[in-house]
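Visitor: okay, structure incoming, though there's no sequence with it:
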């Protein structure tokens, strides 16, 4: 996750994803404890709870998905992914 966030900071408008086995599991393991806690001090970071997406000040975004719903990823251009 640290490498994903590092890349997101470096690339404006980049799209990044964390894919866990299940969306619920990704939310439990990464959303609150890692992603939000890491980005909360960043001025201008926005969080969308329903989409599980964080948008950085450079407009790069990091979104959480579950591998159980592969259709949600279909056709999506991503600059980086953590599985």
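Guide: Nice, I can see it. What you see is a predicted model; the values in this text were computed from it and never measured.

Visitor: can you name the element that comes right after the biggest helix by length in the chain?
Guide: Counting residues, the longest helix found in the chain (DSSP state H) is helix 2-10. Reading on from helix 2-10 to the C-terminus, the next helix or strand found by DSSP states H and E is strand 15-20.

Visitor: run the angle between that next one and helix 2-10 for me.
Guide: For strand 15-20 against helix 2-10, the angle by axes from the mean of the first three to the mean of the last three Cα atoms, to 10 degrees is 160 degrees.

Visitor: may I see the buried residues of the helix or strand just after strand 15-20?
Guide: Following strand 15-20 in sequence order, the next helix or strand is helix 23-26 (DSSP H and E). Across helix 23-26, burial judged by 16 or more other Cβ atoms under 10 Å covers 23, 26. For every residue, glycine as well, the C-beta is placed using N, CA and C.

Visitor: got it, and stretch 76-83?
Guide: Applying a neighbour-count criterion of 16+ other Cβ under 10 Å, one finds 79-80, 82 buried in stretch 76-83.

Visitor: mean confidence score for stretch 11-31?
Guide: Stretch 11-31 carries an average pLDDT of 94.

Visitor: quote the end-to-end distance of that stretch.
Guide: 21 Å (Cα to Cα, to the nearest Å).

Visitor: what residues of that stretch count as buried?
Guide: Buried, per 16+ other Cβ under 10 Å, within stretch 11-31: 14-20, 23, 26-27, 30-31.

Visitor: mind listing residues that contact it?
Guide: Residues outside stretch 11-31 that contact it (Cβ atoms under 8 Å, 6 or more residues apart in numbering) are 1, 4, 7-8, 35, 52, 58-69, 73, 76-83.

Visitor: separation between the residue nearest to residue 83 when sequence neighbours are not counted and residue 4?
Guide: Nearest residue to residue 83, sequence neighbours excluded (Cβ to Cβ, 6 or more residues apart in numbering): residue 19, at 5.2 Å. Counting by Cβ to Cβ, to the nearest Å, the separation of residue 19 from residue 4 is 11 Å.
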